[in-house]
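*Asks:* here is my input; please provide its structure:
(2 chains)
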Amino acid sequence: SQTIHQWPATLVQPVGSPLSLECTVEGTSNPNLYWYRQAAGRGLQLLFYSVGIGQISSEVPQNLSASRPQDRQFILSSKKLLLSDSGFYLCAWSYAGRRDEQYFGPGTRLTVT
Amino acid sequence: QKEVEQDPGPLSVPEGAIVSLNCTYSNSAFQYFMWYRQYSRKGPELLMYTYSSGNKEDGRFTAQVDKSSKYISLFIRDSQPSDSATYLCAMSGGYQKVTFGIGTKLQVIP
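*Replies:* Predicted structure coming up:
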């Protein structure tokens, strides 16, 4: 069966510090991978998605970036965090060729102070 | 107008009640419809997946899609305190990004 991992689970970082969140998927090959941010009262916002190694599409221009160095690894980064980057970050995957049936990881709660 | 509208609640019901959760949408291209359950401080969990119109049942859960009215529903029978969570509807039109509702917070009171 497929499993998706995210770490860390919680993170408190000062404004201006760098960020690296990691997501890995087990049990499937060549998945589509996604990063979402969930803010209270605002639903899920798609940040990035990837259909393969090194292929990243950005949905929202901001100070975040994503990379996919391996087939089942997806990384969300920032060089300098802003207060507005606080939120609940979720990684998700779907089968190759599909974007509808997405499966989410446990999430990372980021607080920028 | 938002593509997907969902009442955020909260919705409080007594244990054993039938719960009805709903979403409306405006994009007629949507043909894949999902319901996710999200417990506090956890990631969303896919509950139901439906293609096009019709009903789908899984245990105590029934998903309905009415494409003519652009309206989808999730029914929970014999609701339990463990059903207390936020329920998100989601939909897409094939190989396009999934659009999520804001989520309805449900509380089932013992």
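
*Asks:* tell me the residues of chain B that contact chain A?
*Replies:* Counting by Cβ under 8 Å from any Cβ of the partner chain, chain B comes close to chain A at B:8, B:32, B:34, B:36, B:41-46, B:49, B:88, B:90, B:92, B:94-98, B:100-103. Bear in mind the C-beta positions are built from the backbone N, C-alpha and C, glycine included.

*Asks:* now, of these, which are buried?
*Replies:* B:32, B:34, B:36, B:42-44, B:49, B:88, B:90, B:92, B:98, B:100-103 (16 or more other Cβ atoms under 10 Å in any protein chain shown).

*Asks:* which residue ranges form the helices in the chain?
*Replies:* Picked chain A for this. Taking DSSP state H, chain A contains no helices at all.

*Asks:* what does it have sitting close to chain B?
*Replies:* Contacts of chain A with chain B, taken as Cβ under 8 Å from any Cβ, map to A:6, A:41-44, A:46, A:49, A:59, A:88, A:90, A:97-107, A:109.

*Asks:* low-confidence ranges, chain A, go.
*Replies:* A:61 (pLDDT under 70).

*Asks:* scan it for its longest strand.
*Replies:* strand A:43-52 (DSSP state E).

*Asks:* can you list contacts of that strand?
*Replies:* Residues outside strand A:43-52 that contact it (Cβ atoms under 8 Å, 6 or more residues apart in numbering or on different chains) are A:30, A:32-39, A:56-60, A:62, A:64, A:66, A:68, A:71, A:74, A:76, A:90, A:96, A:99, B:44, B:88, B:97-98, B:100-103.

*Asks:* buried only: go through those residues for me.
*Replies:* Using 16+ other Cβ under 10 Å, the buried members of those are A:32-38, A:56, A:64, A:66, A:68, A:74, A:76, A:90, A:99, B:44, B:88, B:98, B:100-103.

*Asks:* quick revisit: so which of the residues of chain A next to chain B belong to strands?
*Replies:* The strands, defined by DSSP E, take in A:6, A:43, A:44, A:46, A:49, A:88, A:90, A:103, A:104, A:109 from those.

*Asks:* what's the nearest residue to the third one if we skip its chain neighbours?
*Replies:* Sequence neighbours aside, residue B:100 is the residue nearest to residue A:44 in space, at 4.4 Å (criterion: Cβ to Cβ, 6 or more residues apart in numbering or on different chains).

*Asks:* mind listing what the one you found touches?
*Replies:* A:43, A:44, B:4, B:36, B:88, B:89, B:90.

*Asks:* and it, what pLDDT?
*Replies:* pLDDT, residue B:100: 95.

*Asks:* name whatever forms a beta bridge with it.
*Replies:* residue B:90 (DSSP bridges).

*Asks:* what sits against residue A:42?
*Replies:* Contacts of residue A:42 were listed using Cβ under 8 Å, 6+ apart, and they are residue B:102.

*Asks:* dump the residue contacts of the residue nearest to the spatial centre of chain A.
*Replies:* Centroid-nearest residue in chain A, with Cα atoms, centre = their mean: residue A:35, separated by 3.0 Å. By Cβ under 8 Å, 6+ apart, residue A:35 lies in contact with A:23, A:46, A:47, A:48, A:49, A:66, A:74, A:76, A:89, A:90, A:91.
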